[in-house]
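Asker: how would this look folded up:
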Amino acid sequence: MAKKLLGYDMLTPDARRRWEARHVQASALATSPYKADFPLLAQNRDLAFLDSAATAQRPKAVLDAQKRFYETMNANALRGLYQLSVEATEAINEARTHVAQFIGLDGEKDARDVVFCRNTSEALNLIAHSYAPDVLRPGDEVCITIMEHHSNLIPWQQACRAAGAKLVYMYPDEQGAIGEEEMRAKIGPRTKIVSAVHVSNVLGVSNDVKLMAEIAHQFGAVMVVDGAQSVPHFPVDVTELGCDFFAFSGHKVFGPFGIGVLWGRHELLEAMPPFLTGGEMIESVSEQDAVWAPVPEKFEAGTQDAAGIYALDAALTYVEGIGFEAMQARERALVAQCMRRLSGLPFVRIIGPADPDAHHGVVSFNVCGIHPHDVASILDMGNVAIRAGHHCAQPLLAHLGIQSCCRVSLAFYNDAGDIEKLIDGLKQTWRMFNE
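Answerer: The predicted structure follows:
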């Protein structure tokens with residue numbers, strides 16, 4: 001029998017009304033004042049883009065920043081003594097400081113512990129390849145959750161296989177929450193690494209990584225957090241979370257493709273060998289040996305995407321200009337409206353917790369008797385963009401007793417019209433298969 005997570009349709013009407021009363025009024029969702037900031041959305045007014053968990057749209061400020069870098073300071077950062085190279089270097093340093101501040105750190109002091117990479121996947125692989133081999137021994141354990149994206153699962157499979165260690169999973173309850181009892185049952189004296197997604201890209205739930213970190217540290221283990229889906233939706237303070245490593249991708253927080261961030265505690269990064277070797281990550285090289293550059297350069301081999309880093313800086317500035325309070329209020333209201341409208345379709349089954357507040361921008365569902373790929377393809381004919389498939393989380397879907405599902409992922413730039421286009425498209429899909 002398929003496992004089931006209780007959905008919004010299980011809430012009583014009174015419970016729904018109480019929830020909606022605490023959030024943005026429906027009239028404020030009729031249109032979006034933010035779509036004008038995003039050229040792709042402004043130029044495609046009929047598009048209902050509902051796949052922001054895969055990649056967010058970019059505001060004009062970010063696109064302009066990337067263009068401005070190439071037009072005004074295009075040079076190889078860190079390598080030249082001439083003015084353009086100095087300006088490019090300063091731009092990267094300022095972005096590094098800004099990233100540190102954005103995740104709750106002292107920008108001046110802790111910027112050195114911000115490593116730029118291509119994406120969250122590369123950041124997590126860096127930890128698995130540079131940290132794990134020095135701490136994992138046969139019989140040790142790495143503890144993760146069943147809801148991990150493959151990016152935070154396969155690297156640990158590989159690390160455990162290489163070390164003869166065991167990969168242990170934590171499982172959620174029927175509301176999608178991993179409770180303290182489950183954490184304490186799985187994190188123990190053999191655990192050397194705990195790695196967990198902050199927000200699930202399928203269920204939208206937020207894991208209590210702070211509690212996981214506390215339990216991990218009781219046994220001398222380190223805590224790794226995949227923040228790809230949390231950073232775009234709410235403030236993150238890595239000090240408050242108590243984690244040892246934190247990773248996220250720029251393209252999910254309205255920045256460019258190809259830029260990711262790994263933050264780690266300085267003493268851990270100092271002790272780790274580099275993941276990639278080559279230019280710029282060295283202090284000195286002889287015929288038979290090399291001395292690594294200090295952190296973070298030690299982990300940034302080769303020419304960095306300086307324009308992308310500069311544009312990520314602009315993306316964080318854009319988010320700060322709107323403010324997470326306003327973004328969260330709008331996203332919560334949109335999620336509630338989406339769940340309410342989906343639950344009104346008798347042929348739709350929502351996957352995930354009943355409380356809309358527990359869905360950080362993500363609502364997954366299935367249409368009875370119709371494959372998710374067919375649903376997504378038909379919706380696309382009506383200019384509605386959703387994701388369908390296993391969402392790079394096959395173990396989670398197997399745990400839920402399904403092979404694939406549809407996923408709507410909302411951002412603050414969406415509006416009620418996008419949701420209505422989704423609902424109309426789902427009704428049309430149902431009619432095509434059942435009338």
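Asker: which one is Arg341 nearest to, not counting chain neighbours?
Answerer: Distances taken as C-beta to C-beta, 6 or more residues apart in numbering place Ile423 nearest to Arg341, at 5.0 Å, with adjacent residues excluded. To be clear about C-beta, it is placed using only N, CA and C from the backbone, and glycine gets the same treatment.
Asker: That neighbour: neighbour count?
Answerer: Residues lying near Ile423 (other C-beta atoms under 10 Å) number 16.
Asker: Pull out the buried positions in the helix or strand containing Ile193.
Answerer: Ile193 belongs to strand 191-197 when elements are defined using DSSP states H and E. For strand 191-197, burial by neighbour count (16 or more other C-beta atoms under 10 Å) applies to 191-197.
Asker: Quick check, central residue of the protein?
Answerer: Ala228 (1.7 Å; C-alpha atoms, centre = their mean).
Asker: element containing it?
Answerer: Going by DSSP H and E, Ala228 is not part of any helix or strand.
Asker: tell me the domain ranges of this protein?
Answerer: Following automatic domain parsing, the chain resolves into domains at 8-50+323-434, 62-320.
Asker: mind listing the helices for the stretch 51-200 of the chain?
Answerer: Listed in chain order, the helices of the stretch 51-200 of the chain (DSSP state H, counting those that start in this stretch) span 60-72, 83-102, 107-110, 120-130, 132-135, 154-163, 180-186.
Asker: so what secondary structure elements neighbour the fifth one?
Answerer: What that stands for is helix 132-135. Secondary-structure packing of helix 132-135 (3 or more C-beta pairs under 8 Å, 6 or more residues apart in numbering; DSSP states H and E): helix 154-163, strand 191-197.
Asker: need the ones you listed in a markdown table with distance to Gly176, can you?
Answerer: Shown next, in a markdown table, are the helices and strands packed on helix 132-135 (distance: least, C-beta to C-beta, whole Å):
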| stretch | distance to Gly176 |
| --- | --- |
| helix 154-163 | 21 |
| strand 191-197 | 12 |
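Asker: could these go into CSV alongside mean pLDDT and distance to Met339?
Answerer: Shown next, in CSV, are the helices and strands packed on helix 132-135 (pLDDT from 0 to 100; distance: least, C-beta to C-beta, whole Å):
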stretch, mean pLDDT, distance to Met339
helix 154-163, 98, 31
strand 191-197, 98, 21
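Asker: just how off-centre is stretch 54-61 within its chain?
Answerer: Distance of stretch 54-61 from the chain centroid (C-alpha atoms, centre = their mean, to the nearest Å) equals 14 Å.
Asker: can you give me the end-to-end distance of that stretch?
Answerer: End-to-end span of stretch 54-61 (C-alpha to C-alpha, to the nearest Å): 21 Å.
Asker: Mind listing what's buried along it?
Answerer: Result for stretch 54-61 [16+ other C-beta under 10 Å]: buried residues 56-59, 61.
Asker: And those residues, which is closest to Ala393?
Answerer: Checking these against Ala393 by C-beta to C-beta gives Ala56 as the nearest, at 19.0 Å.
Asker: how about the nearest residue to that closest one, chain neighbours excluded?
Answerer: In this structure, Ala56 finds its nearest non-sequential neighbour in Phe254, 4.8 Å apart by C-beta to C-beta, 6+ apart.
Asker: Verify the stated contact: that neighbour with Ala315.
Answerer: Yes: the pair Phe254 and Ala315 passes the contact test of C-beta atoms under 8 Å, sitting 4.5 Å apart.
Asker: Not counting the strand holding Ile193 itself, show me its contacts.
Answerer: 124, 127, 131-132, 135-136, 140-145, 147-149, 152, 156, 165, 168, 170, 187, 207, 209, 212-213, 215-216, 219-226, 228-229 (C-beta atoms under 8 Å, 6 or more residues apart in numbering).
Asker: do stretch 232-241 as well
Answerer: Identification of contacts with stretch 232-241 by C-beta under 8 Å, 6+ apart yields 52, 56, 102-105, 198-199, 209-210, 213, 223, 225, 227, 230, 246, 252-254, 263, 319, 324, 327-328, 331, 360-361, 411.
Asker: ChimeraX command for the buried members of those residues?
Answerer: Typed into ChimeraX, the line below selects the buried ones among the contacts of stretch 232-241, using 16+ other C-beta under 10 Å:
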select :52,56,102,103,104,105,198,199,209,213,223,225,227,230,246,252,253,254,263,319,324,327,328,331,360,361,411
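Asker: Endpoints of stretch 359-377, how far apart?
Answerer: End-to-end distance of stretch 359-377: 24 Å, with C-alpha to C-alpha as the criterion.
Asker: So which bits of that stretch are buried?
Answerer: Neighbour counts using 16+ other C-beta under 10 Å place 359-367, 370, 372, 375-376 of stretch 359-377 among the buried residues.
Asker: Could you identify the most distant pair in those residues?
Answerer: For the buried residues of stretch 359-377, the farthest-apart pair by C-beta to C-beta is His360 and Ile370; their separation is 26.7 Å.
Asker: Point out where the stretch 251-400 of the chain drops to low pLDDT.
Answerer: Along the stretch 251-400 of the chain, no part satisfies pLDDT under 70.
Asker: all helices for it, in order.
Answerer: Assigned by DSSP H, counting those that start in this stretch, the helices in the stretch 251-400 of the chain fall at 266-271, 306-322, 324-343, 372-381, 394-400.
Asker: what's the closest of those to Phe38?
Answerer: helix 306-322 (10.2 Å).
Asker: Dump the closest one to CSV, keeping only the CA atoms.
Answerer: Provided in CSV are the C-alpha atoms of helix 306-322 (Å, rounded to 0.1, in the frame of the first residue of the first chain):
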residue,chain,number,x,y,z
ALA,A,306,33.7,36.5,-11.8
ALA,A,307,30.8,38.0,-13.6
GLY,A,308,28.5,35.4,-12.1
ILE,A,309,29.8,36.1,-8.6
TYR,A,310,29.3,39.8,-9.2
ALA,A,311,25.7,39.0,-10.4
LEU,A,312,25.1,36.8,-7.3
ASP,A,313,26.0,39.8,-5.2
ALA,A,314,23.3,41.8,-7.0
ALA,A,315,20.8,39.0,-6.5
LEU,A,316,21.3,39.1,-2.8
THR,A,317,20.9,42.8,-2.8
TYR,A,318,17.7,42.5,-4.7
VAL,A,319,16.3,40.0,-2.2
GLU,A,320,17.3,42.3,0.7
GLY,A,321,15.6,45.2,-1.0
ILE,A,322,12.2,43.3,-1.0
